[in-house]
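Student: Sequence and predicted structure, then a few things I'm wondering about:
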Amino acid sequence: MLAGVEGKDVLGILDLLRDFDVWVGGGWGIDALIGQQTRDHRDLDLMYRQEQEPGILDALTAAGFTEILNWRPIRFVHAHEDSREIDLHPLVFQPDGSARQASLQPDKPFVYPADCFVTGVIDGRQVPCLSAEQQVYFHQGYEPSERDRHDMAQLRQAFGIHTHF
């Protein structure tokens, strides 16, 4: 695979953040659902409990990551000098187990149903990730890249799930 974030990197970052509630999303989240790496990944998308942000940032800073993009409260990115990048998405959980993430439209947050927090497999290890349905939800409303088309094709093939492209 090309340089970027590989399976061992994902597992290392999850180990680093083992004391926190995090879920793998994006391309790695889809590969976790599939159970194998299907393409190269330039970053790792992680969703996390917003109230745990100070501890997560302390752990990442101690491991040599620095912030390179700040779009809070929607998302922010931390990078390591070895080219690993983590795209972090803060979630505010509701009493029913669902969560909300801020969006560019303040009155229309991203919604995470309680049942979208599932598990998948990366390099033979079970990891927390987002459901196939949640992945499809996030791949709507914009012009898809080739990576997006690849990822949705993987979900259609593995789960028979409907995607809009």
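Tutor: Cool, the structure landed.
Student: From now on I want contacts and neighbour counts done on CA atoms only, so please keep to that.
Tutor: Noted.
Student: in the biggest helix by length in the chain, what's buried?
Tutor: Looking across the chain with DSSP state H, the single longest helix is helix 146-159. For helix 146-159, the neighbour count (16 or more other C-alpha atoms under 10 Å) marks 148, 151, 152, 153, 154, 155 as buried.
Student: Do a quick rundown of the helices in this structure.
Tutor: Assigned by DSSP H, the chain shows helices spanning 7-16, 26-34, 53-62, 132-138, 146-159.
Student: would you list those helices in JSON lines and tack on distance to residue 91 and mean pLDDT?
Tutor: Written out in JSON lines, the entries for those read as follows (distance: least, C-alpha to C-alpha, whole Å; pLDDT from 0 to 100):
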{"stretch": "helix 7-16", "distance to residue 91": "17", "mean pLDDT": "97"}
{"stretch": "helix 26-34", "distance to residue 91": "15", "mean pLDDT": "98"}
{"stretch": "helix 53-62", "distance to residue 91": "10", "mean pLDDT": "98"}
{"stretch": "helix 132-138", "distance to residue 91": "14", "mean pLDDT": "96"}
{"stretch": "helix 146-159", "distance to residue 91": "23", "mean pLDDT": "96"}
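Student: Out of those, which gets nearest to residue 82?
Tutor: Taking C-alpha to C-alpha, helix 7-16 is the member of the helices of the chain nearest to residue 82, at 10.8 Å.
Student: Just the CA atoms from the closest one would do, formatted as PDB, please.
Tutor: This file holds the C-alpha atoms of helix 7-16, laid out as PDB (Å, rounded to 0.1, in the frame of the first residue of the first chain):
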ATOM      1  CA  GLY A   7      -3.400  -1.200   9.600                       C
ATOM      2  CA  LYS A   8      -0.600  -1.400  12.100                       C
ATOM      3  CA  ASP A   9      -0.800   2.400  12.500                       C
ATOM      4  CA  VAL A  10      -4.600   2.300  13.100                       C
ATOM      5  CA  LEU A  11      -4.100  -0.400  15.800                       C
ATOM      6  CA  GLY A  12      -1.200   1.600  17.300                       C
ATOM      7  CA  ILE A  13      -3.400   4.800  17.500                       C
ATOM      8  CA  LEU A  14      -6.300   2.800  19.000                       C
ATOM      9  CA  ASP A  15      -3.900   1.400  21.600                       C
ATOM     10  CA  LEU A  16      -2.600   4.900  22.400                       C
END
